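Peer 1: sequence unknown, structure follows:
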Ligand SMILES: Cc1cc2nc3c(=O)[nH]c(=O)nc-3n(C[C@H](O)[C@H](O)[C@H](O)COP(=O)(O)OP(=O)(O)OC[C@H]3O[C@@H](n4cnc5c(N)ncnc54)[C@H](O)[C@@H]3O)c2cc1C
């Protein structure tokens, strides 16, 4: 029986994980990556994470399981990553004074209540089929019913700015109420980080894989029996039932055509991170 083969496009976390799973299942696999490095949005420079950093919610998070499976050390830091290092260690300062524990708790409980109110506004909007509004507008609506002291409004504004900036990389005025946390999975309490940066996981996943860097894929063509991947404007890999590249140019590509006989392609990875925004 012939070994099944696959091309994975993109050497980010998704592509590398897919490629590793395929290799583990006995597939001959090539990873084709546009950039000159692996990792994609995971990128660690001198131990500093320039992209992904947190394992949001440790237990139950697939990243935790993957790190353990690959023997990549992680460190539990607790709390919620919006409050870097955990809520317990956070000090809140206002007007030059550190807030006592009781006020700190009041602050977080207030924000919990505001988030519940915002959820209610969203449910009402979904039921009525009304037009989407921004997260900021929803928070304003939630606060307008409460008559909060200016000081407590400052607390809410701080929490909203922190969570929208840290978790969604945009101001609350740009986030859609209906979609801002769509797909946001909450795992077990407390976050973790990778002891040697997040790239320690992608580097480990990449070990031993056949990865072709500097190969931006521009086109993928499918027939019933073959898949052809075009990179750098040239045919880099080709597949056919008789294992002969269909296009003569295939043999001249950066990927050895005889090794790139493919019957399946796994597409993974997106060049941009898309989040829903309110216009
Ligand atoms: C600044 C920042 C901070 C983040 N923080 C966190 C965090 O703390 N915790 C967390 O869980 N997540 C975080 N994320 C999100 C996380 O990084 C991504 O969800 C994850 O890395 C996506 O992996 P991916 O493989 O799906 O995509 P990517 O990492 O984007 O990988 C896609 C790969 O495909 C390649 N590619 C694209 N098009 C082509 C093509 N045509 N031909 C060949 N190759 C191609 C790209 O070059 C890239 O290497 C953060 C993201 C950013 C940007």
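Peer 2: Done, it's in. Here the structure is a predicted model, which is why all the values come from computation and not from measurement. Numbering: from 1, shown residues only.
Peer 1: Only C-alpha atoms from now on, for both contacts and neighbour counts.
Peer 2: Will do.
Peer 1: and the closest residue to residue 142 other than its chain neighbours, which of the three is it?
Peer 2: Spatial nearest neighbour of residue 142, chain neighbours left out: residue 117 (5.7 Å); criterion: CA to CA, 6 or more residues apart in numbering. State at residue 117, reduced to three classes by DSSP: H, G, I helix; E, B strand; the rest coil: helix.
Peer 1: any idea how far residue 117 is from the ligand?
Peer 2: For residue 117, the distance to the ligand equals 27 Å [CA to the nearest ligand atom, to the nearest Å].
Peer 1: Tally up the residues packed near that residue, please.
Peer 2: Counted with other CA atoms under 10 Å, the neighbours of residue 117 add up to 18.
Peer 1: Need the pLDDT of it.
Peer 2: Note on residue 117: pLDDT of 95.
Peer 1: Is it correct that it is in contact with residue 144?
Peer 2: No - the pair formed by residue 117 and residue 144 falls short of the contact definition of CA atoms under 8 Å, at 11.0 Å.
Peer 1: Mind listing what's buried along stretch 145-162?
Peer 2: Buried residues in stretch 145-162, defined by neighbour count with 16 or more other CA atoms under 10 Å: 153, 155, 156, 159, 160, 161, 162.
Peer 1: near the ligand at all, the helix or strand hosting the fifth one?
Peer 2: Just to be clear, that refers to residue 160. Using DSSP states H and E, residue 160 falls within helix 150-168. No - when contact is scored as CA under 6 Å from any ligand atom, no part of helix 150-168 falls within range of the ligand; the minimum is 7.8 Å.
Peer 1: Quick one: name whatever helix or strand follows that helix.
Peer 2: Next element after helix 150-168 (DSSP H and E): strand 191-194.
Peer 1: just checking, what packs against that next one?
Peer 2: Applying 3 or more CA pairs under 8 Å, 6 or more residues apart in numbering; DSSP states H and E, one finds that strand 191-194 contacts strand 54-55, strand 74-78.
Peer 1: and among those, the most buried is which?
Peer 2: Of the helices and strands packed on strand 191-194, the one with the most neighbours on average (mean count of other CA atoms under 10 Å) is strand 54-55, at a mean of 21.
Peer 1: neighbouring strands for that one, and are they parallel or not?
Peer 2: Its sheet considered, strand 54-55 pairs with strand 191-194 (antiparallel) by DSSP bridges.
Peer 1: For the strand it pairs with, give the mean pLDDT please.
Peer 2: Rounded mean pLDDT across strand 191-194 is 91.
Peer 1: moving C-terminal of that strand, what's the next helix or strand?
Peer 2: helix 199-206.
Peer 1: what angle do that next one and strand 74-78 make?
Peer 2: Helix 199-206 and strand 74-78 meet at an angle of 140 degrees, taking axes from the mean of the first three to the mean of the last three CA atoms, to 10 degrees as the criterion.
Peer 1: Give the pairing partners of the helix or strand just after helix 199-206; include direction for each.
Peer 2: Per DSSP H and E, the first helix or strand lying C-terminal to helix 199-206 is strand 210-212. Strand 210-212 sits in its sheet next to strand 28-32 (parallel), going by DSSP bridges.
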